[in-house]
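Q: Quick one, what's the 3D model for this:
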Amino acid sequence: MTRTMQIVPVLDLKGGVVVHARRGRRADYAPLRSPLVEGCEPVAVARALCTASRTTRLYVADLDALAGEPVNEATLLALASVAEPWVDAGATTPEGAAALRRAGVARNVIGTESLEPGAEVNRSDTPPVVLSVDLRDGSLISPDPELAGRDPAAAAPLARALGVRELLVIDLARVGSGSGPPLNAVAELATALPGVAIYAGGGVRDDADLRALESAGATGALVATAVHEGRLTL
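A: Predicted coordinates:
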């Protein structure tokens, strides 16, 4: 891994605790058990992840908010005291963005899985918007029939319309699976969106995967399981 490749640890919140994500089956996610930290309290887990990854940046998925519940402002505010949170809470409305702003969130991550057809996102609002290209087995997840089931590069016009400078690529079927990252998706989007920083998640196992992602055009990797298990050399 070269010095330019960035590691962004991942924290999945559900029911007020950190859970272990596996293959996007959110109903089955269980409270986290990790050799890095005792218990699954969010701030303690965030501290351990950031220390192990040598970073202060943290990707947080508020799974309850993604399912339609209110944003967990109190927990996000606590996390913002120890890290720079990039948060996916399905905050596609001004009200949702305001909740993240109150919580001190650094980036509002909006996933294709949350964007209804015709949704208008205020890209000039704060926190700045980051688009998450959400995939399952390499195909786009979206309620928009123009995107659903298509190849990752079909999300490139959306990224341009939003004017994003950072893009996430997450294949939910690979999350927690140890099956390797979505290299083809990264390569497609890096070609379609030169100048956009791409962070890839789902299935990252070790340093070899980080080198492969960098070769495919990624700026960084979203990692959870491999950090908890100490399989990366930082």
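
Q: List the buried residues of stretch 191-202.
A: Neighbour-count burial for stretch 191-202, counted by 16 or more other Cβ atoms under 10 Å, picks out 192, 193, 196, 197, 198, 199, 200, 201, 202. Any C-beta I mention is one placed from the backbone N, CA and C, and that applies to glycine too.

Q: Where do the helices of the protein begin and end?
A: 42-53, 63-66, 73-80, 94-102, 156-162, 183-192, 207-216, 225-228 (DSSP state H).

Q: Using a markdown table, lay out those together with distance to residue 148 and mean pLDDT.
A: Formatted as a markdown table, the helices of the chain follow (distance: least, Cβ to Cβ, whole Å; pLDDT from 0 to 100):
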| stretch | distance to residue 148 | mean pLDDT |
| --- | --- | --- |
| helix 42-53 | 32 | 95 |
| helix 63-66 | 17 | 94 |
| helix 73-80 | 29 | 97 |
| helix 94-102 | 22 | 94 |
| helix 156-162 | 13 | 94 |
| helix 183-192 | 15 | 97 |
| helix 207-216 | 24 | 95 |
| helix 225-228 | 28 | 91 |
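
Q: thinking again about what came up before, looking at the buried residues of stretch 191-202, which is nearest residue 22?
A: Nearest to residue 22 among the buried residues of stretch 191-202, counting by Cβ to Cβ, is residue 202 at 10.9 Å.

Q: okay but that closest one is in contact with residue 174, surely?
A: Yes. Residue 202 lies in contact with residue 174 (Cβ atoms under 8 Å); the separation is 3.5 Å.

Q: which residue of the protein sits farthest from its center?
A: Ranked by distance from the centre of the chain (Cα atoms, centre = their mean), the top residue is residue 38, with 23.6 Å.

Q: Perfect, I'm done here.
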